[in-house]
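Q: sequence first, then the predicted structure, then my questions.
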Amino acid sequence: MARLHEHQGKSLLADEKIGIPRGEAARTPSETKRIAQELGCEVVIKGQAWVTGRAARGLIKFADSPETAAAAASAILGKEVGGFEIDTVLVEEKLNVKREFYAGVILDDIAQAPRIIFSAKGGSGVEQIASEHPDALAQTLVDIQTGFPDYYARDLVRQVGIRGKLQLALGLMLSRLYLVARNSDARAAEINPIVLTEDGKLIAADCRITVDDYAVFRHPGLEIDVAREFDRPPTELERIAWEVEKGDYRGTFYFIQMEQDFKRGDKVIGFHGAGGGGSMMSMDAILNKGYKIANFVDTSGNPPASKVYRAARIILAQGPIDGYFASGSGVASQEQFHSARGLAKAFLEVPLNVPAVIRLGGNAEDRAIALMERVNDALPVPIEAYGKDDSPDSCSDRLDVLIKDFLPVEDTAPPIEKPQPEEPYQFETVSGGTVLFDHAACRQCETHICIDTCVPEILDLKDGLPVLNISVEEARKGGCIECLACQVECYFGGNRGGYVELPIPGLE
C-alpha cells in the first residue's frame, strides 16, 4: 500500500467538502513564518512522517506567534526519525476542541467489503477504543453497489447515542469519507480525531489514508512515486525496484531494504524469497542462525526469468553481503527453471563473489537445480541448490557452513558482458529488453540449444541460424516472454552467441 502524508490526505478530504483546519505545508522555517502570519492565530506545526506517536517524538509543536512558529519548524525540520529526515511540516490553525470522534473506512479482506467504523471517542487508536470503550464503537459493512448514503451513516452514529444536529453533521461527514476512500482506491481512510470545535464545527484534525498499490496508476495527482507502505521515504534501490515492478504485471516483485551501511563480516545476507509463507519461514531460518537480513524480496506468482534476474541484480547491488539465500514456498504454479535462469544470468554478470544457497521447490525443480550446479562450476564461489523436500532450516544450515568455511577469492570470474557481434540479429522484448544473436557465432554452433529450450517456441532455424518465426512487433508485445534460454542455455550448451540485454534504469 502507498501511504499518504497528512497534508496529502487532507487535500482529498477537502475535495469532498470535509472540513479541515486552515493551513498548508511548509519546507522551511521562513515558509512556516509566512503561513503563521497569514493565519493570524495560534498554530500547530506537525512534522510529516509515517510514524505514530508524533507528539512524543517532538514532531508536534504549538506556537502563539509567527516567530515561535518558525523556531518550532526549525526544531522539527531535519530531525531524524526512523532513519530519515523530516523535510516537510504542516502548519495549521490551533483548534478549540470541545469533543473528539473517530471515523474509518477500512477494506475487510475476510468480508470482501468496506467496513465503516465510528467511535464517539477519538484521539486514541481504534483498537484501544474498542478495548476500553466498546459501547462507544459502532461499525457496519458496505454493499459497494448501494454505497454509503448519509442516512445509513446517521443510523451508525445513532447507535452510539448521538442525536440531533450533531448526528446529521457526523452522518454527512461519514458518507463523504466513504467517497474519499472509494474515489482514491484507498485500503484505509481514517480521521482521528474528528474535532467538534467550541463554535460547533466538525473538523478533521488528523487523517491517515493508504492507497491500494495496484491502483496508484489511476491517481497521478497524488504524486506517489513508490506504491509501498514504508514508514520512511524509499531508498534509492527501493525506487529502482519499484520502477521494475510497476509496469510489469507478470508475477510479483517486492523489494524492501532492512539493513544499510554494513560491511563484509557483519553477517548480513541478501534474501530472495518466493511466496509469502515460505519466505517468512526461510527468513526465520536464517535469522535463527544469527544472521541479519539485508532485504526482503518476493518474486512469486509465476514471474518471468527477466524479473527474477532484475531482482537478483538489485539484491547484489546493496553492498558487501556475506551470503545469498534464495528460499520460499514449493510453488506449483511456476516452472522453477525460469527462476534458475534469472539467478544464473545475474550471478554470471555481476559476478557473484559470496556463497549462495538456492532452494527452488516446485515444477521442474530438478532441471533448475542442475542449472544452478552448472553456475557453481563456472564461478569460484560455492553455490548449492536444493528442492522442495529440503527444509528452509536445513538450507540455512548449509549456508551457515559455507559462509564459515569460505575464504574470499581475489580473482573472481570475469563478468559476462554485452557482446559486440560480428553479424548481429536482434529484437526487442516486452519489458524494454533486447535479445541479441551473433550469427557469426551461431553459424559455428553444433547444438542450436536456443531453439530447443525457447519456452514460447518463437525461434526457428533459417539457413542454420536462429531467427524469429513471429514478427518483431509480436515479439515486442509479449511473444518473447524473456525466458532467457537464448542466453543462459546458449552459454552452457551452445556457442555463446546469444545475449539478452535487460536494462535496470538507475542501477548502472
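A: That came through fine.

Q: okay, and residue 482 sits in which element?
A: In the assignment (DSSP states H and E), residue 482 maps to no helix and no strand.

Q: let me redo that: residue 13
A: Here residue 13 sits within helix 6-15, counting by DSSP H and E.

Q: again, but for residue 503
A: Using DSSP H and E, residue 503 falls outside every helix and strand.

Q: count of neighbours near it?
A: 13 (other C-beta atoms under 10 Å). C-beta here means a position set from N, CA and C on the backbone, and glycine is covered the same way.

Q: what's the answer for residue 238, then?
A: For residue 238, using other C-beta under 10 Å, the count is 19.

Q: wait, it sits on residue 256?
A: Yes: contact status for residue 238 versus residue 256: in contact at 6.4 Å, counting by C-beta atoms under 8 Å.

Q: packing partners for the first helix or strand past the helix holding residue 13 going along the chain?
A: Next along the chain after helix 6-15, taking DSSP H and E as the criterion, comes strand 23-26. Packing partners of strand 23-26 (3 or more C-beta pairs under 8 Å, 6 or more residues apart in numbering; DSSP states H and E): helix 29-39, strand 89-93.

Q: which strands border strand 23-26, and is each parallel or antiparallel?
A: Within its sheet, strand 23-26 is paired with strand 89-93 (antiparallel), according to DSSP bridges.

Q: so what's residue 99 up against?
A: By C-beta atoms under 8 Å, 6 or more residues apart in numbering, the contact list for residue 99 reads 195, 196.

Q: let's see that with 6 Å instead.
A: Under the criterion of C-beta atoms under 6 Å, 6 or more residues apart in numbering, the neighbours of residue 99 are residue 196.

Q: hmm, back to that, and of the helices and strands packed on strand 23-26, who's closest to residue 396?
A: When the helices and strands packed on strand 23-26 are compared by C-beta to C-beta, strand 89-93 sits nearest residue 396, at 44.8 Å.

Q: how far does the closest one sit from the chain's center?
A: Strand 89-93 has its C-alpha centroid displaced from the chain centroid by 29 Å (C-alpha atoms, centre = their mean, to the nearest Å).

Q: next structured bit after it?
A: strand 97-108.

Q: that following strand - what's its average pLDDT?
A: Strand 97-108 carries an average pLDDT of 96.

Q: i'd like the first residue to be 55 from this point on
A: Fine by me, first position is 55 from now on; the one you just mentioned is strand 151-162.

Q: partner strands of that strand, parallel or antiparallel?
A: strand 167-173 (antiparallel), strand 240-251 (antiparallel).

Q: so how far is the first one from its chain's centroid?
A: Going by C-alpha atoms, centre = their mean, the spacing between the C-alpha centre of strand 167-173 and its chain's C-alpha centre is 26 Å.

Q: what comes up buried for it?
A: Buried positions in strand 167-173, judged by neighbour count with 16 or more other C-beta atoms under 10 Å: 168, 169, 170, 171, 172, 173.

Q: now the stretch 155-304 of the chain, which segments are flagged as low pLDDT?
A: Within the stretch 155-304 of the chain, the segments meeting pLDDT under 70 span 283-285.

Q: now the strands for it?
A: 167-173, 191-195, 240-251, 256-258, 261-265 (DSSP state E, counting those that start in this stretch).

Q: by how many degrees do the second one and strand 167-173 diverge?
A: To tie it back to what came earlier, the one meant is strand 191-195. Relative orientation of strand 191-195 and strand 167-173, computed by axes from the mean of the first three to the mean of the last three C-alpha atoms, to 10 degrees: 160 degrees.

Q: quick one: residue 399 and residue 365 touch, right?
A: No: with contact defined as C-beta atoms under 6 Å, residue 399 does not reach residue 365; the gap is 11.5 Å.

Q: neighbour-wise, which of these two wins?
A: residue 365 (30 against 26).

Q: would you mark the buried spots in whatever helix or strand residue 325 lives in?
A: Element membership of residue 325, judged by DSSP H and E, is strand 322-326. Residues 322, 323, 324, 325, 326 are the ones in strand 322-326 that count as buried (16+ other C-beta under 10 Å).
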